[in-house]
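In: Would you be able to build a 3D model of this:
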Amino acid sequence: MKKVFVFCIGGTGIRVMKSITMLMAGGMDTNGYMVVPIILDPHLDLEEKKNLHSLIDSYKTVYKNSVNNGSSTLNHLDGFFNSEIRTISELNNTTNDTQQVAGSSEKFSQYINLSNIGANDINNHLVSTLFSTKNLNNPLSVGFKGNPNMGTVVLGDMIEGADWFKSFKQHCEQGDRVFIISSIFGGTGASGYPLLEKKIKLAQNEPAVKSALMGAVTVLPYYGLKDPATTGSDIDSANFYTKTKAALAYYQGTVKSDYLYYIGEKRLMQVYENDEQKQDDKANFIELVAASALFDFLKREKPDKQQFLTRAIEDDKESMDLVSLGNGYRDIIKSVADFMLLRTLVTTLPSESYFPLKKTYGFNESFYSKDEAFQSLVRFSETYFKWYTELANNKRAFAPLHYDNPRQMEGFVKGIGLDASDDSYYLLKMIQASNNKTIKKEHSNKFRFFLQFAHEAINYYTSKLNK
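Out: Numbers count the residues shown, from 1 in each chain. Model prediction:
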């Protein structure tokens with residue numbers, strides 16, 4: 001199977017990969033590519049990184065159970081969870097996380113062996129010119145705090161010497177692709193993207209790596225941070241635009257990705273707590289838009305020359321729906337609407353006493369309470385719901401759904417009417433889907449039947465979003 005190696009650099013890379021995973025769960029198509037996420041962030045204990053690993057593991061559990069047919073493996077489903085995600089460790093057939101080396105608890109001054117440079121050595125003066133005292137005392141375990149000058153020094157070594165980079169070069173084959181996600185206004189992303197791209201382009205002994213079609217999404221400033229004078233933080237978001245302009249000047253003529261996507265806001269609409277340890281930011285519309293760049297990239301062929309792309313919205317509203325977003329976002333809205341409707345079915349059916357498929361397909365109390373795959377879907381659905389509600393309540397809000405009343409579902413998607421007034425319409429369509437005799441002969445996977453019938457029922461009503 002063709003692979004796309006998705007390098008997620010820094011906090012923005014992690015959050016965009018979360019949105020990619022959610023869109024895949026909702027049925028966004030990767031055009032036959034297996035997604036191999038590789039997380040590059042120096043934070044050793046960042047909660048966001050752990051949560052993303054957990055989310056990906058949950059996705060993989062649902063996917064694997066959907067293609068399991070006893071001793072054989074079925075083709076992926078149409079619709080929900082229709083693309084495979086694997087980690088570098090799985091490609092290596094190992095259980096250890098080869099990405100754990102991408103971090104360090106030592107101070108930056110220790111990393112560059114500053115103590116071994118004499119006080120009167122000219123190199124000591126050079127270091128003091130390039131790096132502040134705060135830079136030198138900064139522990140690498142909390143990242144580069146918006147300082148790409150530090151990231152450039154550290155990440156080069158972290159990439160070249162890392163087990164995951166060696167594994168990437170080993171497993172990247174002809175026809176595979178590379179996609180890099182980073183921000184341009186911080187430290188890790190701004191320095192990591194051009195460094196990583198250069199390492200890949202200079203892989204002289206790995207022709208498949210060097211020639212891989214490469215895309216990248218560079219996220220421009222889209223949020224602010226509370227005043228460092230009151231928070232005591234070393235990061236000042238007032239400098240984000242200045243750093244962005246400097247980085248863009250460097251990127252021009254330097255980065256060579258075949259497709260380069262630029263995503264950002266015209267103004268910093270949301271202000272977050274300035275906490276470098278937690279980075280507990282809510283899901284943001286810009287991260288969702290950045291995630292969509294991967295799916296666009298996987299549909300494109302090799303261009304004659306480097307391509308630069310971005311996305312626009314139809315109307316500059318603080319809360320975005322189908323009308324204000326415009327027709328270009330229909331695939332995203334359909335993916336999100338489909339999964340939120342699936343969550344409604346997952347929530348409703350365990351208490352549905354008269355659902356006929358209890359007997360014919362075993363969708364009974366035991367299935368809902370004991371089936372490992374269904375329980376994984378329940379957990380994923382709750383994480384998905386939290387992600388969507390964060391998007392819907394953030395600034396700018398992505399809020400295309402009326403999702404809070406399953407008994408009033410004609411207007412589930414704002415701006416378009418669905419021909420289903422409540423959840424019973426979807427249950428009826430699931431029953432009708434189950435009558436397909438061909439499907440019965442394909443496999444005996446109860447959980448796969450559930451996803452198939454649910455998708456057919458939901459798609460019957462939401463397919464108009466594709467028109």
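In: Can you verify my assumption that residue 309 contacts residue 260?
Out: Yes. At 7.3 Å, residue 309 and residue 260 qualify as touching, with contact defined as C-beta atoms under 8 Å. (C-beta placed from N, C-alpha, C; glycine too.)
In: Between those two, which is the more surrounded one?
Out: residue 260 (22 against 15; other C-beta atoms under 10 Å).
In: Looks to me like that one is in a strand.
Out: Yes. Residue 260: assigned to a strand according to DSSP: H, G, I helix; E, B strand; the rest coil.
In: Contact partners for it?
Out: By C-beta atoms under 8 Å, 6 or more residues apart in numbering, the contact set of residue 260 is 215-218, 306-309.
In: if you set the cut-off to 6 Å instead, what comes out?
Out: Going by C-beta atoms under 6 Å, 6 or more residues apart in numbering, residue 260 touches 216, 308.
In: ditto for residue 63
Out: With contact set as C-beta under 6 Å, 6+ apart, residue 63 has these partners: 81, 84.
In: would it count as being in a helix?
Out: Yes. The assignment for residue 63 is a helix, going by three-state DSSP.
In: Residue 218 and residue 211, how far apart?
Out: 22 Å (C-beta to C-beta, to the nearest Å).
In: ok, the two, which is more surrounded?
Out: Set residue 218 next to residue 211 and count neighbours by other C-beta under 10 Å: residue 218 wins out with 28 against 14.
In: beta partners of the more buried one?
Out: Bridge pairing for residue 218 (DSSP bridges) gives the partners residue 182, residue 262.
In: doesn't residue 184 make contact with it?
Out: Yes. Using C-beta atoms under 6 Å, residue 218 makes contact with residue 184 at a distance of 4.9 Å.
In: how about the strands in the protein?
Out: 3-9, 34-40, 68-69, 72-73, 177-183, 213-219, 224-225, 259-263, 271-272, 307-309, 319-320, 397-398 (DSSP state E).
In: out of these, deepest packed?
Out: strand 177-183 (a mean of 28; mean count of other C-beta atoms under 10 Å).
In: Let's see that one as CSV, backbone CA atoms only.
Out: Extracted in CSV, the C-alpha atoms of strand 177-183 (Å, rounded to 0.1, in the frame of the first residue of the first chain):
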residue,chain,number,x,y,z
ARG,A,177,4.8,10.8,-0.3
VAL,A,178,5.9,13.2,2.4
PHE,A,179,3.8,15.8,4.1
ILE,A,180,5.1,18.3,6.7
ILE,A,181,3.0,20.2,9.2
SER,A,182,4.4,23.2,11.1
SER,A,183,3.7,26.7,12.3
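In: who touches that strand?
Out: Residues outside strand 177-183 that contact it (C-beta under 6 Å, 6+ apart): 4-9, 12-13, 16, 189, 192-193, 212-217, 219, 294, 297.
In: Let's see that with 7 Å instead.
Out: For strand 177-183, contacts defined as C-beta atoms under 7 Å, 6 or more residues apart in numbering pick out 4-10, 12-13, 16-17, 33, 189-190, 192-193, 196-197, 200, 212-219, 290, 294, 297.
In: rewinding a little: between the strands of the chain, which gets nearest to residue 88?
Out: Closest approach to residue 88 among the strands of the chain (C-beta to C-beta): strand 34-40, 6.1 Å.
In: That closest one vs strand 177-183, what angle?
Out: Orientation check (axes from the mean of the first three to the mean of the last three C-alpha atoms, to 10 degrees): strand 34-40 against strand 177-183 gives 40 degrees.
In: So which elements touch strand 34-40?
Out: strand 3-9, helix 47-67, helix 88-91 (3 or more C-beta pairs under 7 Å, 6 or more residues apart in numbering; DSSP states H and E).
In: most packed of the ones you listed?
Out: Of all the helices and strands packed on strand 34-40, strand 3-9 has the most neighbours on average by mean count of other C-beta under 10 Å, namely a mean of 25.
In: Who are the packing partners of that strand?
Out: Strand 3-9 packs on helix 10-25, strand 34-40, strand 177-183, helix 188-201, going by 3+ C-beta pairs under 7 Å, 6+ apart.
In: Nearest to residue 91 among the strands of the chain would be which one?
Out: Nearest to residue 91 among the strands of the chain is strand 34-40 (6.9 Å), distances taken as C-beta to C-beta.
In: Good, we can wrap up now.
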